[in-house]
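Peer 1: Structural data only, the sequence is not supplied:
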């Protein structure tokens, strides 16, 4: 929970610290998302739990529900996400397999539309945070927990992004992750692509 408030503080500082005059030229910023978009992703995480090393995979599905504007300048996209977790641990206590699923409310802050020069770098950045319940169905700590993840995406093009994040899966699972995300215009478009 402490990390969630730290992530929230970073987003708040960015929203307040960036001078509004910077955005006045373009009439405000935009983002890579709009309501109805779907993003599919997969992250690979590495952690260290009580003298055990862990490698985890996190497949995800996210649906964007709403867009708001902070101070008429910064776009805030709200969505819901489902993440899975499959982890393999090895250490002094032996080896083990963990598996779970979580549901999250998500928020994304985009920076597209900055003045020329800045937009080529910062305009491709998306800050995100997710918060919600997780349920472990396999492993030592099965049951209902509370999870959080936060990080940064960098869009290579309008649909494809690479991500760096940290994930607290509840109880004691914590990973630093690297991953990829692909955004679709709708859930129907995502399903058609997956079925190909």
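Peer 2: Happy to help now that I have it. If you're wondering where the values come from, they're calculated on a predicted model, not measured in any experiment.
Peer 1: Show the pLDDT at the most centrally placed residue in the chain.
Peer 2: For the chain, residue 128 is the residue whose C-alpha lies nearest the centre (CA atoms, centre = their mean; 4.9 Å). pLDDT recorded at residue 128 is 97.
Peer 1: Give the full set of residues in contact with it.
Peer 2: Contacts for residue 128 (CB atoms under 8 Å, 6 or more residues apart in numbering) come out as 106, 107, 108, 109, 150, 151, 152, 153, 165. Every C-beta, even on glycine, is put in place using the N, C-alpha and C of the backbone.
Peer 1: Over to residue 90?
Peer 2: Residue 90 neighbours (CB under 8 Å, 6+ apart): 52, 53, 54.
Peer 1: Assess the claim that the second one and residue 87 are in contact.
Peer 2: To tie it back to what came earlier, the one meant is residue 53. No - assessed by CB atoms under 8 Å, residue 53 is found out of contact with residue 87, at 10.6 Å.
Peer 1: Looking at those two, which has the bigger crowd around it?
Peer 2: residue 87 (23 against 12; other CB atoms under 10 Å).
Peer 1: What strand or helix carries the more buried one?
Peer 2: Here residue 87, judged by DSSP states H and E, is contained in strand 74-91.
Peer 1: in that strand, what's buried?
Peer 2: 74, 75, 76, 77, 79, 81, 83, 85, 87, 89 (16 or more other CB atoms under 10 Å).
Peer 1: In JSON lines: these, plus pLDDT and distance to residue 143.
Peer 2: Output for these, formatted as JSON lines (pLDDT from 0 to 100; distance: CB to CB, whole Å):
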{"residue": "74", "pLDDT": "84", "distance to residue 143": "38"}
{"residue": "75", "pLDDT": "91", "distance to residue 143": "37"}
{"residue": "76", "pLDDT": "93", "distance to residue 143": "33"}
{"residue": "77", "pLDDT": "96", "distance to residue 143": "31"}
{"residue": "79", "pLDDT": "98", "distance to residue 143": "26"}
{"residue": "81", "pLDDT": "98", "distance to residue 143": "21"}
{"residue": "83", "pLDDT": "97", "distance to residue 143": "17"}
{"residue": "85", "pLDDT": "94", "distance to residue 143": "14"}
{"residue": "87", "pLDDT": "89", "distance to residue 143": "15"}
{"residue": "89", "pLDDT": "81", "distance to residue 143": "17"}
